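Student: dropping a prediction and its sequence here:
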Amino acid sequence: MADQQPSGSRDRSHDHPPTNQSSSSAAVATTSEEGAAGGAESASSTISDLIGGEFVFDNMFAVVPLPWCEHLETVATLPCDGLDASAPCVTCGDPSENWVCLHCYQVHCGRFVKAHMVRHGETTGHCLVLSYADLSVWCYPCDAYVHNETLLSAKRAAHLSKFGCLPGC
């Protein structure tokens, strides 16, 4: 279970590295994964506990966003009325797993719904999109997540819309 990848287009945020773990460490990984999905409790409360404890994984994986990309200059000024994290896809009306384009601020569904944001990026050349699910920013040409000060106003506006307060409240 721990090394299965979701079907559909490749999304690095959901990839799992190949494992060559002992059976006891694989059991911990499975228990932790089930806990993240709302099942059994995790065998360890933090990654530090895993690293410092008896279980050390041969292959650790973390998604580290780029601190800068050349497409940051394409981010447009935030609309006066802010963002609506509950907005449905403008193409199909689906309200789940939506992304907002940081160039034109249209909302489209993600690759695991009907991939309308992917098509929007391909047809318009708009590069950077913000996920309303986890407030991450993806750059299509760089094929990577990006986190930079330029993106903070959009991330704050999305957080305000989604949670009713600014980050840190």
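Tutor: Cool, the structure landed.
Student: and stretch 108-122, which residues are buried?
Tutor: His108, Cys109, Gly110, Arg111, Val113, Lys114, Ala115, His116, Met117, Val118, His120, Gly121 (16 or more other C-beta atoms under 10 Å). Quick note: C-beta positions are derived from backbone N, CA and C, even for glycine.
Student: quick one: which of the residues you listed is nearest Thr150?
Tutor: Gly121 (18.1 Å; C-beta to C-beta).
Student: for the closest one, which non-adjacent residue is closest in space?
Tutor: Tyr140 (4.5 Å; C-beta to C-beta, 6 or more residues apart in numbering).
Student: does Trp99 count as helix, strand or coil?
Tutor: strand (DSSP: H, G, I helix; E, B strand; the rest coil).
Student: just give me the neighbour total for the spatially closest residue to Lys114 that is not a sequence neighbour.
Tutor: Leaving aside its chain neighbours, Lys114 sits nearest to Cys92 (5.3 Å; criterion: C-beta to C-beta, 6+ apart). A total of 12 residues lie near Cys92 under the criterion other C-beta atoms under 10 Å.
Student: the one 5 residues further on now?
Tutor: The criterion is other C-beta under 10 Å. On that basis, Glu97 has 17 neighbouring residues.
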